[in-house]
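Colleague: structure of the sequence below:
(2 chains)
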Amino acid sequence: MDLINEFFLEAFPNPERVDCPPEETLVALAEERLLPGDPTLLHVASCSECYAEYRGCCLEFQNKLQAGFEIGKKEPSMKWSSIAADLRTEVPTRPKPLQGVRLWFTAFRRRYSR
Amino acid sequence: MKRRELHLIDANGDPVSSAIRFAVEATFDYSVAEHPEIDRAILANMAEHLAVSMEENKESIASVRRYAYAAMRGRVRDWLRTKEATELAVGLGPELDKCARGSYSFQGEVDRKILFEQMRSRLSERDRQILLLLQSHAGPADIATELEINYEAATKAKQRVLERLAECFHAARKEKPRRYARVKDLTKEWI
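Modeller: Numbering: from 1, shown residues only, chains lettered A, B, ... in the order given. Take a look at the predicted model:
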């Protein structure tokens, strides 16, 4: 695949950047945020400059993901301040479907039992 | 050398603007990943020079990131063209040669150009799109989604692209022995 990489990097020079998509589109392509069938991929396959940028964006995205994963993986610290902060934070959880129905029924009863 | 070890300052010794710093760091990472055969220190040096020149001309740069990628690629390409003759590949094994890309020669360059031209003429736009997807480790299902076709058609398209590639490589391989035979004879004459 190194040769294919070099092929895309060298075979389609476009120094004038004719018809190149904006930077944000390439970032979106690298982060797989574009809809299927978007013409950007077709352009990237025919422009060495955009291909290089796209590769760079992919690498950045991978690094970002890796960094996020490492932050998520980090063990909780044993400092009192952080433990207290963890205890204090009550993350509101979304009720499960059955619980939601039950809550709705109780609210309904309360409202009309008066 | 890690990314944070890049010493990005302008000509007056002040730190460069954050946009330039991010762009240069990103392009340095990209160059390190793309060219493992080049010493990181050399790439870091190029990145630092790039940051200085970008800081000097920052008013005329429309897109910092795009400029950084293009400029760094150009610098690396120039370095590979001019400095390769002074490099000595260590070791004789094919792995070492491959690792150090010891085969950077004029002959190799021409061969590669011819091969790329052949690939370019044989592969259509759609084929290249599929090849690009394959390069990012996409399977037939991903190809089907991207090209909005069914799974079977995607499998066939993938197969067709690989066959065309194989044809190109096969043609390139056929030509090799003739060329090396001449070189061999020449060496015999010298000996």
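Colleague: was I right about B:Val161 contacting B:Gln129?
Modeller: No: the criterion here is CB atoms under 8 Å, and B:Val161 misses it with B:Gln129 at 9.4 Å. C-beta coordinates here come from the backbone N, C-alpha and C atoms, glycine included.
Colleague: up against chain B, what does chain A have?
Modeller: Within chain A, the positions lying close to chain B (CB under 8 Å from any CB of the partner chain) are A:1, A:4-8, A:10-12, A:15, A:17, A:23, A:36-37, A:41-42, A:44-46, A:49, A:51-53, A:55-56, A:58-60, A:63.
Colleague: ok, of those residues, which come out buried?
Modeller: Buried members of those, counted by 16 or more other CB atoms under 10 Å in any protein chain shown: A:7-8, A:11-12, A:23, A:41, A:44-46, A:49, A:51-53, A:55-56, A:58-60.
Colleague: what about these, which are in helices?
Modeller: With helices taken from DSSP state H, the overlap with those comprises A:7-8, A:23, A:41, A:44, A:49, A:51-53, A:55-56, A:58-60.
Colleague: quick check: next helix or strand after the lowest-mean-pLDDT helix or strand in chain B?
Modeller: One helix or strand of chain B scores below all others by mean pLDDT, DSSP states H and E: helix B:94-100, with a mean of 57. Using DSSP states H and E, the helix or strand that follows helix B:94-100 towards the C-terminus is helix B:106-122.
Colleague: how about the contacts made by the closest residue to B:Ser63 other than its chain neighbours?
Modeller: Closest residue in space to B:Ser63, ignoring its immediate chain neighbours: A:Glu23 at 5.8 Å, by CB to CB, 6 or more residues apart in numbering or on different chains. Counting by CB atoms under 8 Å, 6 or more residues apart in numbering or on different chains, A:Glu23 touches A:Glu53, B:Ser63, B:Arg65, B:Arg66.
Colleague: read off the pLDDT value for residue 71.
Modeller: Assuming you mean chain A. We have a pLDDT of 56 for A:Ile71.
Colleague: ah, I was thinking of chain B
Modeller: 92.
Colleague: which ones are touching it?
Modeller: Applying CB under 8 Å, 6+ apart, we find B:Ala71 in contact with B:Thr27, B:Leu50, B:Ser53, B:Met54.
Colleague: could you list every helix and strand in contact with the one helix or strand the second one maps to?
Modeller: If you go by DSSP H and E, B:Leu50 is part of helix B:40-56. Helices and strands touching helix B:40-56, by 3 or more CB pairs under 8 Å, 6 or more residues apart in numbering or on different chains; DSSP states H and E, are helix B:18-34, helix B:64-83.
Colleague: give me the buried positions along the longest one.
Modeller: Of the residues in helix B:64-83, those buried by neighbour count under the rule 16+ other CB under 10 Å are B:64-73, B:75-76, B:79-80.
Colleague: so it versus helix B:40-56, what angle?
Modeller: Helix B:64-83 runs at 130 degrees relative to helix B:40-56, counting by axes from the mean of the first three to the mean of the last three CA atoms, to 10 degrees.
Colleague: could I have stretch B:140-153 exported to PDB, CA atoms only?
Modeller: The C-alpha coordinates for stretch B:140-153 follow below in PDB (Å, rounded to 0.1, in the frame of the first residue of the first chain):
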ATOM      1  CA  PRO B 140     -16.900  -4.200   0.100                       C
ATOM      2  CA  ALA B 141     -19.700  -3.100   2.500                       C
ATOM      3  CA  ASP B 142     -18.100   0.400   2.900                       C
ATOM      4  CA  ILE B 143     -17.500   0.700  -0.800                       C
ATOM      5  CA  ALA B 144     -21.100  -0.200  -1.500                       C
ATOM      6  CA  THR B 145     -22.300   2.500   0.900                       C
ATOM      7  CA  GLU B 146     -20.000   5.100  -0.500                       C
ATOM      8  CA  LEU B 147     -20.700   4.400  -4.100                       C
ATOM      9  CA  GLU B 148     -24.400   3.700  -3.400                       C
ATOM     10  CA  ILE B 149     -24.400   0.300  -5.100                       C
ATOM     11  CA  ASN B 150     -25.200  -3.100  -3.800                       C
ATOM     12  CA  TYR B 151     -22.700  -5.400  -2.100                       C
ATOM     13  CA  GLU B 152     -22.100  -7.700  -5.000                       C
ATOM     14  CA  ALA B 153     -21.400  -4.900  -7.400                       C
END
